[in-house]
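Asker: Next input, structure requested:
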Amino acid sequence: MKRQRNAKIIATLGPSSSDPQVIRQLFDAGVDVFRLNFSHGTQSDHLQRLTAIRALERESGRPIGVLLDLQGPKLRLGTFEGGSAALLAGEPFRLDMNPAAGTNRRAPLMHREIFEAIEPGSELLLDDGKIRLSVESKGPDFAETRVVVGGRISDRKGVNVPAVMLPISALTAKDREDLAFGLEHGVDWVALSFVQRPEDIDEARALIGDRAWIMAKLEKPLAIDHLEAIVARCDGIMVARGDLGVELPAEQIPELQRRIVGVCRAAGKAVVVATQMLESMTNSPVPTRAETSDVAGAIYEGSDAVMLSAESASGKFPLEAVAMMNRIIERVERDPGYRQGIDASHTPAQSTTADAICCALRTIVQLIGPAVTVTYTLSGFTSVRAARERAPSAIIALTPSLQVARRLALVWGIHSMPYRNARDVDDMIALACEAARGAGFARDGDSIAIAAGLPFGESGTANLLHIAKVGR
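Answerer: You can find the predicted model right below:
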């Protein structure tokens, strides 16, 4: 199936989209990668969805990526007498580790690590920032605070601690169980929640190895302080705007999104823009005009992918949401201004052989306009570096690894295809022409550009660039 666009679509599966027929319809409408959100549902639920995806993949003949999104640490209040309490601005409010039900004067917070990390003057946000507290004093198991922004708070609402490095791992015991489960069943990407520092990626990498690619979710402001180092350590980044918007002023999020996308593009790492992209389509068959502009903005910036969350997982119109996102991307990529912006924001490559080959490939595409670019890749590296250049040509990634082909389904411009390894250069050219013609990207007489590495079968050796004529 040949997509008519370069940017990719990720859709979250959930109660509205777990039926195999619905999953097929979402795929046909434009989904390239399916997200399994382990903050909701059971392992059994997710296994049924994964099984349906793999069956669809076999039927369609197109690699489909699966993203396992780990829940991460969830910091929550305990319960309240009667289920809720009204907090008034200016009034004192105590948080402590006494499990007794809370009132409008105190509440249980069974997270000693929060009390260890905060200081007088620290801010605590309750219920996605709807209620704000200022810490006046603290001890090893309590904090005396003042209500800055009041409101009604109910049982087990979330707690955010902005601008404070919490002494906790990004991987909980639940996450480790879910991760082992996902790796056993062959997920392609793992999204790591609650990333605060580069070492969080190292911890996950030690568990995952090369069994999946790692995507760091940027939802903590402290992670932005280490942005370049986090990008360098992972395979992709998710701009989790909903959580970032809780701990940061909303007006900062667009600026941060552009910065994150720019850093990822410069480093050649996949970047996904997520959260509330078509939020109104959870309950409406059409989006707001502001939402369509939001999706378009992420594409104009050069993002690899945009993601649907509740819209496809629990919304009433999952198919319509995917189709709308697909149409927005196609429309943007036909705009001449899109190409001008992508070229203007292009950054110099690194001084490596692979980047030299891919830079030359970009120049060739701009000068002679081949029908398609074909990359041979064992690890996915050559194809990812080619995608970094954002050349005005689709990329067919030929790889002997189905797992790598699935991972590349998330990357800008790449149409991944499992293929046997080439025996020699002549065989490589023949296979590239066969793939380009068979997938509908080229016809006899068309030129194609080919990037590969010699010797064949070794990863990270991109050192060959060739122009071929299909059918000759």
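
Asker: Ile448 reaches Val372, doesn't it?
Answerer: Yes. Contact criterion Cβ atoms under 8 Å: Ile448 and Val372 qualify, at 5.4 Å. Every C-beta, even on glycine, is put in place using the N, C-alpha and C of the backbone.

Asker: Please identify every residue contacting each of those two.
Answerer: 436, 441-442 (Cβ atoms under 8 Å, 6 or more residues apart in numbering).

Asker: in the stretch 151-300 of the chain, which spans are helices?
Answerer: Ranges of helices in the stretch 151-300 of the chain, per DSSP state H, counting those that start in this stretch, are 173-184, 198-208, 221-225, 227-233, 241-247, 253-267, 289-300.

Asker: export those to CSV and tack on mean neighbour count, distance to Arg420 and mean pLDDT?
Answerer: Below are the helices of the stretch 151-300 of the chain laid out as CSV (neighbours: other Cβ atoms under 10 Å; distance: least, Cβ to Cβ, whole Å; pLDDT from 0 to 100):
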stretch, mean neighbour count, distance to Arg420, mean pLDDT
helix 173-184, 16, 26, 98
helix 198-208, 17, 27, 98
helix 221-225, 17, 41, 92
helix 227-233, 18, 33, 98
helix 241-247, 20, 42, 89
helix 253-267, 18, 31, 97
helix 289-300, 18, 34, 98
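
Asker: quick one: pLDDT of Arg211?
Answerer: Note on Arg211: pLDDT of 98.

Asker: same thing with Met1?
Answerer: 62.

Asker: Show me where the stretch 301-450 of the chain has its helices.
Answerer: Counting by DSSP H, counting those that start in this stretch, the helices of the stretch 301-450 of the chain are 310-313, 318-334, 336-344, 353-368, 381-388, 402-408, 425-438.

Asker: Kindly report the same for the stretch 1-150 of the chain.
Answerer: Counting by DSSP H, counting those that start in this stretch, the helices of the stretch 1-150 of the chain are 20-29, 43-60, 112-117.

Asker: re the thing from before, for Val31, find the nearest of the helices of the stretch 301-450 of the chain.
Answerer: Closest to Val31 of the helices of the stretch 301-450 of the chain is helix 318-334 (Cβ to Cβ; 5.7 Å).

Asker: Which residues belonging to the closest one are considered buried?
Answerer: Residues of helix 318-334 classed as buried by neighbour count (16 or more other Cβ atoms under 10 Å): 318-326, 328-330, 332-333.

Asker: Would you mind pulling the contact partners of that helix?
Answerer: Contacts to helix 318-334, defined as Cβ under 8 Å, 6+ apart, come from residues 4-7, 9, 11, 16-17, 22, 25-26, 29-31, 277-278, 281, 285-287, 292, 295-296, 299-300, 306, 308, 311-312, 315, 338.

Asker: What subset of those is buried?
Answerer: The buried subset of the contacts of helix 318-334 - by 16+ other Cβ under 10 Å - is 5-7, 9, 11, 16-17, 22, 25-26, 29-31, 277-278, 281, 287, 292, 295-296, 299-300, 306, 308, 311-312, 315, 338.

Asker: Trp189 reaches Val411, doesn't it?
Answerer: No. Checked against Cβ under 8 Å, the pair Trp189 and Val411 is beyond contact range at 10.6 Å.

Asker: And those two? Which one has more around it.
Answerer: Legend: neighbour count by other Cβ atoms under 10 Å for Trp189 and Val411, higher for Val411 (29 against 26).

Asker: where's that one relative to Arg472, distance?
Answerer: From Val411 over to Arg472 the distance is 30 Å, taken as Cβ to Cβ, to the nearest Å.

Asker: what does Ile168 give?
Answerer: From Ile168 over to Arg472 (counting by Cβ to Cβ), the distance is 61 Å.

Asker: cool, Ala107 as well?
Answerer: Between Ala107 and Arg472 the computed distance is 75 Å (Cβ to Cβ).
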